[in-house]
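Student: turn this into a model:
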Amino acid sequence: MSPKGLRQLIENLNDKQKEAIIKMGFGGFLHFQANMISGKLALWLVRNFETCFCSLPLDHGRMRVTKHDVLMTLGLPKGRLR
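Tutor: The predicted model follows:
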């Protein structure tokens, strides 16, 4: 799904659906801000993200991906919203 499609989906959720998403710990997605991301880049990120290390491979090591990085690039909050 494209980022734009995800935003449209989120905008069409009712309050009960939003509450369920928050209870599952995914409330950050309700504040998703990105409009688009290159399909090739998205595919590369998904295929190359190293979940054990929360990192992406580089020619000379790894680049760690933090919650703050996700906040700054995708606009997703770093933790639970209250």
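Student: so who does Ile10 touch?
Tutor: If you count contacts by CB atoms under 8 Å, 6 or more residues apart in numbering, Ile10 has them with Phe29, Leu30, Phe32. Yep, even glycine has a C-beta here, placed from its N, CA and C like the rest.
Student: tell me, how many neighbours does Glu50 end up with?
Tutor: 13 (other CB atoms under 10 Å).
Student: contacts only, for it.
Tutor: Counting by CB under 8 Å, 6+ apart, Glu50 touches Leu56, Pro57, Arg62.
Student: of the residues you listed, closest to Lys40?
Tutor: When the contacts of Glu50 are ranked by distance to Lys40 (CB to CB), Leu56 comes first, at 14.7 Å.
Student: list the beta-bridge partners for the closest one.
Tutor: Taking DSSP bridges as the rule, Leu56 bridges to Met63.
Student: neighbours of it, just the number please.
Tutor: Leu56 has 15 neighbours, counted by other CB under 10 Å.
Student: wait, it sits on Asn48?
Tutor: Yes: between Leu56 and Asn48 there is a contact at 5.8 Å, judged by CB atoms under 8 Å.
Student: need the CA coordinates for the helix or strand that Leu9 is a member of. CSV is fine.
Tutor: Counting by DSSP states H and E, the element that carries Leu9 is helix 3-11. Extracted in CSV, the C-alpha atoms of helix 3-11 (Å, rounded to 0.1, in the frame of the first residue of the first chain):
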residue,chain,number,x,y,z
PRO,A,3,1.8,6.0,2.0
LYS,A,4,-1.0,8.1,0.5
GLY,A,5,-3.3,5.0,0.6
LEU,A,6,-2.4,4.4,4.2
ARG,A,7,-3.2,8.0,5.2
GLN,A,8,-6.6,7.7,3.4
LEU,A,9,-7.3,4.4,5.2
ILE,A,10,-6.4,6.0,8.6
GLU,A,11,-8.7,9.0,7.9
